[in-house]
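Colleague: Quick one: sequence and predicted model below, then my questions.
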Amino acid sequence: MSALALSVVLSLVSAVAYAAGAIVQERVAVSSPDAEQYAPLRRASWWAAVALNGLGGLLHVVALAYGPLSLVQPLGALTIVFALPMAALFVGRRAGATAWRGAIMATVGLAGLLSLVGASDAQSLSTPQRITVAVVTAGAVVALMAAGRAAHRHPAVRSVLLATASGIAFGMSSVFTKTVAVDWTGGVSAADVPSLAVIGVLATAGILLSQASYRGAGLAAPLATLTVVNPVVAAAVGITMFGETFRYGSTGTLLALGCGVVAAGGLILLTTERLQAARAEGADAGADADASAVETSEGGLEKAAVTAEPEPEPVVLRKGALVPAADVLVAAAAGETVHGDDTPDAPDGDAPVFFHGSLYGGAYIPMPVVDRHRVRIKS
């Protein structure tokens, strides 16, 4: 197998490893609590995702050793294309037509952009350049993290911001990796230790930010953002600091701008598809909540109707005992004389009884009415 063919195979396997790691990260993000959105260290599946990303990075570096940058970097953009069918096959997460169009546009635009980057002699960064790049990168990553935190009510926007920060971290990690690799062609030096530390910090930040970007935003939009931003940032630094240029002069520059527009359009489609899916999920959740409320209300009414206690039968105090008021009324209607217990002036208790209605289901209380024709004799 030729070196070029080996480079292509390694690049394809690297893209598959990156896609698998992204799928596992997204699944971990869905099932992890908010406190573990960046680093769910207790989850074995997250460590598996880290291992897959490490394998992808290692294969990518080896592919660069056997093939040109203009070939290896565009093949790395196939990560998003591999991830969508793999997610549908293994975890049942199907992407819509809009997501597929966005993924294809982003991949084609990115591949065209990177294929136009011309080759140049290997160069390294000076110490002031390394410090400047590290400080600017740290500022950009922190600013995007703060913006993502402020946009916590909009999961899609938050995801894109964090994925952009992750892409910048990974891209600048590649820049420092290339710098150290160029330095090591002349021998290993202790001066490269700070650069190695920066590589470790940026790679770790990229993994943590990519993990957080998958939370509540699905797979397609954050992965596409990361896939586009990472090599674009690396290519921009390569053009500005490593002396790389676009091929074919002014024509190549215009083509590169067009490819950038295509990649940005694909990213917008992916984000739009996620926003539409989020609105649909919110509408379904609202409809389910309303239906549950109606069902609960109806069930409550039925329960109230079943469990409602019957109103107590009115009673009357008569001859020291409570008797049903209906019996007293029947006796009065038959011409009998009814008496109450609170008429001391009538030894036979011949005072008529006046009934008051019950208060809130209480007993009927008979109140005596004194006959105005009776003459009261006082001794």
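Modeller: Structure received.
Colleague: Could you list which residues are in contact with Ala83?
Modeller: When contacts are counted by Cβ atoms under 8 Å, 6 or more residues apart in numbering, Ala83 touches Ala19, Ala22, Ile23, Leu219, Ala220, Leu223. No exception for glycine: its C-beta is placed from N, CA and C like everyone else's.
Colleague: what separates the fourth one from Val28, distance-wise?
Modeller: So that's Leu219. 12 Å (Cβ to Cβ, to the nearest Å).
Colleague: out of the two, which sits in the more crowded spot?
Modeller: Neighbours per residue, other Cβ atoms under 10 Å: of Leu219 and Val28, the larger number sits with Leu219, 27 against 22.
Colleague: number of nearby residues for the nearest residue to that one once chain neighbours are set aside?
Modeller: Leaving aside its sequence neighbours, Leu219 sits nearest to Glu26 (Cβ to Cβ, 6 or more residues apart in numbering; 4.6 Å). Residues lying near Glu26 (other Cβ under 10 Å) number 25.
Colleague: how about the helices in the chain?
Modeller: Here the chain has its helices, by DSSP state H, at 3-31, 44-66, 69-76, 79-90, 97-115, 127-150, 155-184, 193-213, 220-241, 249-307, 325-333.
Colleague: Dump the ones you listed into TSV; add mean pLDDT and distance to Gln37 as well.
Modeller: As requested, the helices of the chain are arranged in TSV below (pLDDT from 0 to 100; distance: least, Cβ to Cβ, whole Å):
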stretch	mean pLDDT	distance to Gln37
helix 3-31	86	7
helix 44-66	86	11
helix 69-76	70	26
helix 79-90	82	20
helix 97-115	81	23
helix 127-150	92	11
helix 155-184	86	10
helix 193-213	89	5
helix 220-241	79	13
helix 249-307	67	17
helix 325-333	60	70
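Colleague: one step back: for PyMOL, what selects the buried ones among the contacts of Ala83?
Modeller: Applying 16 or more other Cβ atoms under 10 Å to the contacts of Ala83, the buried members can be selected in PyMOL as follows:
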select buried, resi 19+22+23+219+220+223
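Colleague: so Ala103 sits right up against Ala220, yeah?
Modeller: Yes. Between Ala103 and Ala220 a contact is recorded at 6.4 Å, counting by Cβ atoms under 8 Å.
Colleague: intersection of neighbour lists for the two?
Modeller: Ile80, Leu84, Ala95, Leu270.
Colleague: For those, which single residue is the most surrounded?
Modeller: Going by other Cβ under 10 Å, Leu270 tops the shared contacts of Ala103 and Ala220 with 31 neighbours.
Colleague: what about the residue lying closest to that residue once chain neighbours are set aside, neighbour count?
Modeller: The shortest distance from Leu270 to any non-neighbouring residue, by Cβ to Cβ, 6+ apart, is to Gly102 (3.8 Å). Gly102: 27 surrounding residues under other Cβ under 10 Å.
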